[in-house]
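Participant: Could you work out the structure for the sequence below:
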Amino acid sequence: MKRQQPSQVWHRTISLCGLVVLLASGRGAAADKVLPDLDKFKIPLWNYSTSLRGGFGYKDNVLLSHTNAQGSSFWMSGAEVMVFRLPSHGWQFNFFADANDVRYFNSPAVKNEQVALAVAQLSKEFGTGWKTTLGLNYLFQNQVFDNSADYTNQTSVGQIVGHTLTPRWALRKTIGAFWLEGELSGTRQWLASPLDSYWQVGPRLATGYGWGHGSELALSYQYQRLDYDTRGQVNQAGAAVTNTALALNTHLVELSLTQVWDAKRRWRSITCLGYEASLDNGSGYYNYDNFHLSQTVRFRDDRWEITAKTRVNYYGYSTQTVSPIDTTFRNKTMINVLLRVERKLTKHLLVYASYSWDRAISNLEFDDYAAGTVMGGLALAF
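Facilitator: Numbering: from 1, shown residues only. As a prediction, the model looks like this:
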């Protein structure tokens, strides 16, 4: 699903979801070799972990408004659960779920926001470098969201309520330090008005090379076809065209470098560079080119975890203009910055603090905004 990065409530969810992918990544064959020892010492194959968290924070622009920004303090509560099965006979299973609830104390327009996701993944290694994976993702959103890339200016930013279900299947072949992977995924998203629900499907092809203690260089291409349920096409002036159905065809190319800097894997950096072309099936009013660059640096040891991340997206439109009078083509730059620090106090208790900053720079005056969020709290893990 191609959507811009939401604000604060998303950041922890995304990082934890990445942890699930890391657990399921090509380490199954090596782990499977030690299973006789695990059985001998009666180490359980099934394991789980849970955590509860809560914290106070302040967001200075709840509605992502261009003018008259409304700030509010808030209380955030959340929970997560992870279930995984150690590899056995080539089989491996992971399940992860995470939910966040934000309650604003003095925001009259938006009282609360919620985000919840669940990820289930089953994989099988065949012992000859082949691995297949079947996954199912679910997402619930009730939050203020910047949806300006695929919509007209009148519905750029607002509260989105929706459910997303994404099944996917992948097949990977490892040849020494190299790997090749093909994936097919489909998405069904149900959205509350004024947004329109849609279907999305398409393949992804990727290749990569790994070295060291988990470092990797990867290149991928993905095609996605998105068909809206009831949304129609528009002409080059943005006026609705009757008896039409809108569809978007997107092509995404990404190059990513994951570098593990030490043998204990305490320092890790991830650099990603990408280009996306989105083409509608009508006048081209929604056509755009998206260039994006992200950089993540993470340090983690027995007690500390520190993450710094920045991402820049540039959207350039080839048909859509600022206004009927100003025929300059629309453009928008999105900047997202996140800094998060966690400190383990005891075996089950940790303290965390985070700051995020979202900035939209647009030649549409009312589509330009900035929002900063600071938060701190405690988490209890079992």
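Participant: Tell me if residue 366 really is in a helix.
Facilitator: Yes - counting by DSSP: H, G, I helix; E, B strand; the rest coil, residue 366 is part of a helix.
Participant: what comes up buried for stretch 251-262?
Facilitator: 252, 254, 256, 258-260 (16 or more other Cβ atoms under 10 Å). C-beta coordinates here come from the backbone N, C-alpha and C atoms, glycine included.
Participant: That one - what's its average pLDDT?
Facilitator: Averaged over stretch 251-262, pLDDT sits at 97.
Participant: what does stretch 335-343 give?
Facilitator: Computed over stretch 335-343, the average pLDDT equals 98.
Participant: Stretch 123-137 now?
Facilitator: 94.
Participant: Could you give me the buried positions within that stretch?
Facilitator: Under 16+ other Cβ under 10 Å, the buried positions of stretch 123-137 are 123-125, 129, 131, 133, 135, 137.
Participant: starting at the chain centroid, how far to it?
Facilitator: 22 Å (Cα atoms, centre = their mean, to the nearest Å).
Participant: same check, this time on stretch 200-217
Facilitator: Using Cα atoms, centre = their mean, the offset of stretch 200-217 from its chain centre is 17 Å.
Participant: List the buried residues of that stretch.
Facilitator: Applying 16+ other Cβ under 10 Å to stretch 200-217 flags 200, 202, 204, 206, 208, 210, 216 as buried.
Participant: Restricting to C-alpha, output it in CSV.
Facilitator: Listed next in CSV are the C-alpha coordinates belonging to stretch 200-217 (Å, rounded to 0.1, in the frame of the first residue of the first chain):
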residue,chain,number,x,y,z
GLN,A,200,-4.7,-3.2,-5.0
VAL,A,201,-2.6,-6.0,-6.4
GLY,A,202,0.8,-6.6,-7.9
PRO,A,203,4.2,-8.4,-8.0
ARG,A,204,7.5,-7.4,-6.5
LEU,A,205,11.0,-8.6,-7.6
ALA,A,206,14.1,-8.2,-5.5
THR,A,207,17.7,-9.3,-5.4
GLY,A,208,20.4,-8.8,-2.8
TYR,A,209,23.9,-9.6,-1.6
GLY,A,210,24.8,-10.1,2.1
TRP,A,211,28.1,-10.0,4.0
GLY,A,212,29.6,-9.6,7.4
HIS,A,213,27.4,-9.8,10.5
GLY,A,214,24.1,-9.1,8.7
SER,A,215,24.9,-6.4,6.2
GLU,A,216,23.0,-6.4,2.9
LEU,A,217,22.6,-4.5,-0.3
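Participant: Now do it, average pLDDT.
Facilitator: The model assigns stretch 200-217 a mean pLDDT of 96.
Participant: could you give the mean pLDDT of whichever strand or helix holds residue 171?
Facilitator: Using DSSP states H and E, residue 171 maps to strand 157-175. Averaged across strand 157-175, pLDDT comes to 93.
Participant: picking that back up, which one of the buried residues of stretch 200-217 sits closest to residue 61?
Facilitator: Distance to residue 61 across the buried residues of stretch 200-217 (Cβ to Cβ) is lowest for residue 200, with 29.9 Å.
Participant: Surely the closest one touches residue 187?
Facilitator: Yes - shown here, residue 200 and residue 187 form a contact pair, counting by Cβ atoms under 8 Å, at 4.1 Å.
Participant: ok so, going back, filter the buried residues of stretch 123-137 down to the ones in strands?
Facilitator: 123-125, 131, 133, 135, 137 (DSSP state E).
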